[in-house]
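Novice: dropping the sequence and predicted coords here.
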Amino acid sequence: MLKEYQIKLAAFNDGKKVINLLKRSAQWMKDNSINQWQYLLSGGDDEEILNAIKGNETYIVLNDQDIIATFTLSPDQSEWDRHIFGPEANLDSLYMHRLAVSPDIIGKGLGKEILDWIFENVKTDKKFLRLDCVAGNHKLNQFYQHNGFEYIGETDEHSKYQKELNHE
């Protein structure tokens, strides 16, 4: 599926579109009784999202000119990452945040293809890709486990996952 799309770093002028996609995803989850990202609906993290774009950490997936997915990869821990994983985890990990696929194409395999793309294309000296999600979001937890992520515990009702990055 991904062969039809282009993945690239988001430019600052993509910021509003990225935020819009994240809010549409948050609304879709709320409408489907999935407890994940409701804080985004009220503008929570808008500034952090724009800063990640400015810092060349946010990627977009394009179908023609439409942003159909986004994700952020950070080589540095955010305050949230320090809280969830502990400060010692910073040395060897890349952190993924806000992986979102447009609600109208959820379930078609794009999320898996994005993860595959990350492991095949992102060059880093970090050992692990780490992420977290709400522990009660069973489908998302299963998604990460089925894609080779190791469950490494829970903090504040958030499941923690990691997967070793490829080094050539």
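Specialist: Noted; the coordinates are in hand.

Novice: give me the most central residue, this structure.
Specialist: Centroid-nearest residue in the chain: L99, 2.7 Å away (criterion: C-alpha atoms, centre = their mean).

Novice: for that residue, what are phi and psi?
Specialist: phi -70, psi 120 (degrees, to the nearest 10).

Novice: for it, give its distance to I106.
Specialist: Here the criterion is C-beta to C-beta, to the nearest Å. By it, L99 lies 12 Å from I106. Bear in mind the C-beta positions are built from the backbone N, C-alpha and C, glycine included.

Novice: could you do E47 as well?
Specialist: For E47 relative to I106 (C-beta to C-beta), the value is 27 Å.

Novice: next one: Y59
Specialist: Counting by C-beta to C-beta - Y59 and I106 are separated by 18 Å.

Novice: contacts only, for the residue nearest to the centre of the chain.
Specialist: L99 makes contacts with 69-71, 111, 114, 131, as judged by C-beta atoms under 8 Å, 6 or more residues apart in numbering.

Novice: again with H83
Specialist: Contacts of H83 by C-beta under 8 Å, 6+ apart are 155-156.

Novice: again, but for N63
Specialist: Shown in contact with N63 (C-beta under 8 Å, 6+ apart): 4-5.

Novice: which helix in the protein has the most residues?
Specialist: Ranked by number of residues, the top helix in the chain under DSSP state H is helix 15-31.

Novice: which residues sit against that helix?
Specialist: Here helix 15-31 makes contact (C-beta under 8 Å, 6+ apart) with 10, 35-38, 40-41, 46, 49-50, 53, 58, 60, 67-70, 98, 100-103, 106.
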